[in-house]
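Peer 1: Coordinates only, no sequence provided:
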């Protein structure tokens, strides 16, 4: 048992899957789920993601050894502020948010020294939401990024490494700022590009859409509120990635304007090679 | 039987699937496949896509009732020129190319009046290539666009409509220029965007790529030579679509720069709604 009592705030797709995986592997004496509404808690209980539920985060975290924040990115900071006085010395606080720099900085500012924050981001999930899709194997063979800083407690970091490794993830470590810079290119920019492709479509185009367009824009189905939070939380990273992307598009456009077949071909060959040799194998 | 002898030039994924579907439904007395190499023909024969094969297009089309050009977009024009003197009066020539305006214009210029060209584009296929992936049901529930002009023979058009409807496609009609304008947005632009997303990636980002990026860039695996042909053949359309796309990206960027959460949210809500309500059902 890694933790006597683990609290999962927001047992949805990711939080609920973590609960399932932790319970299956008996990594915690007890998993407590905190939700907004009784129905969410009932579904998490029915799914087997938690041992018991609570509507009150403040009382739920009392005495907890680990508190994992699995809410929308924009709610993580406010939730930490709400809980700060309830956490016992030695408690590990972590999260699963898609951005890290702002969350980690804020958490380190407001939490007392004896409460240990470790930023985390499992690269798993989908455009689907809710505990009904939770899966004990969601993290299997997926990367989980931990983002320790100079202030991070070594023992807390080791425990979080053990937690994520045991549920099947491959743990990698990045500085919070590095995480945000990389994820801007691998996740946030593609989301923005998908939304812009959908926006560039004319209504009358719809019957002519094929599988390629459908795949390219699948992530456009993601929850708008979650994504506004993510984009604003990683504003600098996304703006930098957008600039690089626009530069690449500009190169393609110039080659096309000048009918430069060889330049276009080189560009598409590099894209195909990157897609085929490096990304097709699941991690 | 719709055609006594149908010739498929280039029995790969699309041509080979058409052959399979035509043979299964006995739409032609005989399906002849023309390939570059004996091994391609042998594979098409083994797959059941053709009744017999030939390495020589000129002799193969002699006496044919229908010739369907299933080669790369850039090879369709030269192939028509090579065959123009061999086609019997009343022969229908068609294609499955991803661009239409240039191909249709060129075909109408070089073919004699008694040979009837009908431009066609079945919206089916994938980034995979070759007759080994051919499937008699490839066109089932997919749109096939026919692009008649003022010069198109009515009877030839009706026959092509019957052919594609019988193999399971939903036939829609567009002017060739309209086709290219629409496909620029629904297919060619997404390809360019996927290539630019792959180009914007740094080498060190690769371990952090998730399923969203993989889906968004799947079409980046397409054959570079085929795609250079398509982009150059639809240069104007692609440039216009790129301009519209860049405009949308610019709007997102400005909203992000100004921290305008509501503008970002509206943009993402429209994208999500378009993705969910209109595109998720297969046609």
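Peer 2: All right, it came through fine. Just so it is clear, the structure is predicted and the values come from calculations on it, not from any experiment.
Peer 1: Going along the chain, name the helices of chain A.
Peer 2: Taking DSSP state H as the criterion, chain A contains helices spanning A:13-24, A:38-47, A:57-60, A:73-83, A:101-110, A:154-166, A:176-183, A:189-200, A:211-216, A:224-233, A:235-257, A:261-273.
Peer 1: Can you name the residues that contact the residue positioned nearest the centre of chain A?
Peer 2: Centroid-nearest residue in chain A, with C-alpha atoms, centre = their mean: residue A:98, separated by 3.5 Å. Residue A:98 makes contact with A:73, A:121, A:183, A:187, A:188, A:230 under the criterion C-beta atoms under 8 Å, 6 or more residues apart in numbering or on different chains. (C-beta placed from N, C-alpha, C; glycine too.)
Peer 1: what does residue A:38 give?
Peer 2: Contact analysis of residue A:38 by C-beta under 8 Å, 6+ apart lists A:53, A:55.
Peer 1: quick one: it and residue A:54, what's the gap?
Peer 2: Distance, residue A:38 to residue A:54, by C-beta to C-beta, to the nearest Å: 10 Å.
Peer 1: How about residue A:112?
Peer 2: Counting by C-beta to C-beta - residue A:112 and residue A:54 are separated by 23 Å.
Peer 1: The two: which is more packed in?
Peer 2: Applying other C-beta atoms under 10 Å in any protein chain shown to residue A:112 and residue A:54 shows that residue A:54 carries more neighbours, namely 17 against 11.
Peer 1: Which residues does that one form beta bridges with?
Peer 2: residue A:34 (DSSP bridges).
Peer 1: where's it relative to residue A:69, distance?
Peer 2: Noted for residue A:54: a distance of 15 Å to residue A:69, by C-beta to C-beta.
Peer 1: just residue A:190 next, same as before
Peer 2: On the measure of C-beta to C-beta, residue A:190 and residue A:69 end up 25 Å apart.
Peer 1: Give me every residue in the stretch 51-200 of chain A that's in contact range of chain B.
Peer 2: Contacts of the stretch 51-200 of chain A with chain B, taken as C-beta under 8 Å from any C-beta of the partner chain, map to A:123-124, A:126, A:142-143, A:145, A:172, A:182-183, A:185-187, A:189-200.
Peer 1: Make a markdown table from the helices of chain A and add mean pLDDT to it.
Peer 2: Output for these, formatted as a markdown table (pLDDT from 0 to 100):
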| stretch | mean pLDDT |
| --- | --- |
| helix A:13-24 | 97 |
| helix A:38-47 | 96 |
| helix A:57-60 | 97 |
| helix A:73-83 | 96 |
| helix A:101-110 | 98 |
| helix A:154-166 | 98 |
| helix A:176-183 | 98 |
| helix A:189-200 | 96 |
| helix A:211-216 | 93 |
| helix A:224-233 | 95 |
| helix A:235-257 | 97 |
| helix A:261-273 | 96 |
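Peer 1: Can you tell me which of those helices is packed in deepest?
Peer 2: helix A:189-200 (a mean of 26; mean count of other C-beta atoms under 10 Å in any protein chain shown).
Peer 1: the inter-axis angle of that helix versus helix B:261-273?
Peer 2: Angle of helix A:189-200 versus helix B:261-273, following axes from the mean of the first three to the mean of the last three C-alpha atoms, to 10 degrees, is 70 degrees.
Peer 1: which residues are in contact with helix A:189-200?
Peer 2: Residues contacting helix A:189-200 (C-beta under 8 Å, 6+ apart): A:213, A:216-220, A:222, A:227, A:230-231, A:238, A:241-242, A:245, B:185, B:189-190, B:193, B:197, B:200, B:212-213, B:216-217, B:241, B:244-245, B:248-249, B:252, B:267-268, B:270-271, B:274-275.
Peer 1: for the residue nearest to the centre of chain A, phi and psi?
Peer 2: phi -80, psi -10 (degrees, to the nearest 10).
Peer 1: separation between residue A:204 and chain B?
Peer 2: 7 Å (C-beta to the nearest C-beta, to the nearest Å).
Peer 1: Setting aside sequence-adjacent positions, which residue approaches that residue most closely?
Peer 2: Distances taken as C-beta to C-beta, 6 or more residues apart in numbering or on different chains place residue B:182 nearest to residue A:204, at 7.5 Å, with adjacent residues excluded.
Peer 1: now do residue A:226
Peer 2: Nearest one to residue A:226, counting by C-beta to C-beta, 6+ apart, is residue A:72 at 5.1 Å.
Peer 1: so what's the one you found up against?
Peer 2: A:10, A:225, A:226, A:229.
Peer 1: in terms of contact, does residue A:92 touch residue A:67 like I think?
Peer 2: Yes: Residue A:92 lies in contact with residue A:67 (C-beta atoms under 8 Å); the separation is 7.4 Å.
Peer 1: Between the contacts of residue A:72, which sits nearest chain B?
Peer 2: Distance to chain B across these (C-beta to the nearest C-beta) is lowest for residue A:225, with 6.9 Å.
Peer 1: Was I right to think that closest one contacts residue B:262?
Peer 2: No: contact criterion C-beta under 8 Å: residue A:225 and residue B:262 do not qualify, at 11.4 Å.
Peer 1: picking that back up, now the helices of chain A as TSV including distance to residue A:31?
Peer 2: Shown next, in TSV, are the helices of chain A (distance: least, C-beta to C-beta, whole Å):
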stretch	distance to residue A:31
helix A:13-24	5
helix A:38-47	9
helix A:57-60	11
helix A:73-83	17
helix A:101-110	22
helix A:154-166	12
helix A:176-183	26
helix A:189-200	31
helix A:211-216	36
helix A:224-233	23
helix A:235-257	33
helix A:261-273	43
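Peer 1: Out of those helices, which gets nearest to residue B:14?
Peer 2: helix A:211-216 (13.4 Å; C-beta to C-beta).
Peer 1: near chain B, anything from the closest one?
Peer 2: Yes: using C-beta under 8 Å from any C-beta, helix A:211-216 comes into contact with chain B via A:211, A:212, A:213, A:214, A:215, A:216.
Peer 1: Can you tell me the closest non-neighbouring residue to the second one?
Peer 2: Yep, that's residue A:212 we're talking about. residue B:219 is the one closest to residue A:212 (C-beta to C-beta, 6+ apart), at 4.4 Å.
Peer 1: what number of residues lie near that neighbour?
Peer 2: 25.
Peer 1: Now do the contacts for it.
Peer 2: Counted by C-beta under 8 Å, 6+ apart, residue B:219 has contacts A:212, A:215, A:216, B:127, B:190, B:191, B:194.
Peer 1: Not counting sequence-adjacent ones, nearest residue to the fifth one?
Peer 2: Using C-beta to C-beta, 6+ apart and skipping the chain neighbours, the partner closest in space to residue B:190 is residue A:216 (4.3 Å).
Peer 1: Test my guess that the one you found contacts residue B:216.
Peer 2: Yes: counting by C-beta under 8 Å, residue B:216 is a contact partner of residue A:216 at 5.4 Å.
Peer 1: Who does residue A:28 form a beta bridge with?
Peer 2: residue A:3.
Peer 1: How about the contacts made by the spatially closest residue to residue A:179 that is not a sequence neighbour?
Peer 2: Excluding the flanking residues, the one nearest residue A:179 by C-beta to C-beta, 6+ apart is residue A:100, at 4.4 Å. By C-beta under 8 Å, 6+ apart, the contact set of residue A:100 is A:119, A:121, A:145, A:147, A:174, A:176, A:179, A:180.
Peer 1: so how far is residue A:97 from the last one?
Peer 2: When distances are taken as C-beta to C-beta, residue A:180 and residue A:97 turn out to be 11 Å apart.
Peer 1: can you redo the contacts of residue B:219 as CSV with distance to residue A:79?
Peer 2: As requested, those are exported to CSV (distance: C-beta to C-beta, whole Å):
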residue, distance to residue A:79
A:212, 40
A:215, 35
A:216, 34
B:127, 43
B:190, 38
B:191, 42
B:194, 37
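Peer 1: Can you verify my assumption that residue A:253 contacts residue B:239?
Peer 2: Yes: in this structure residue A:253 lies within contact range of residue B:239 using C-beta under 8 Å: 6.7 Å.
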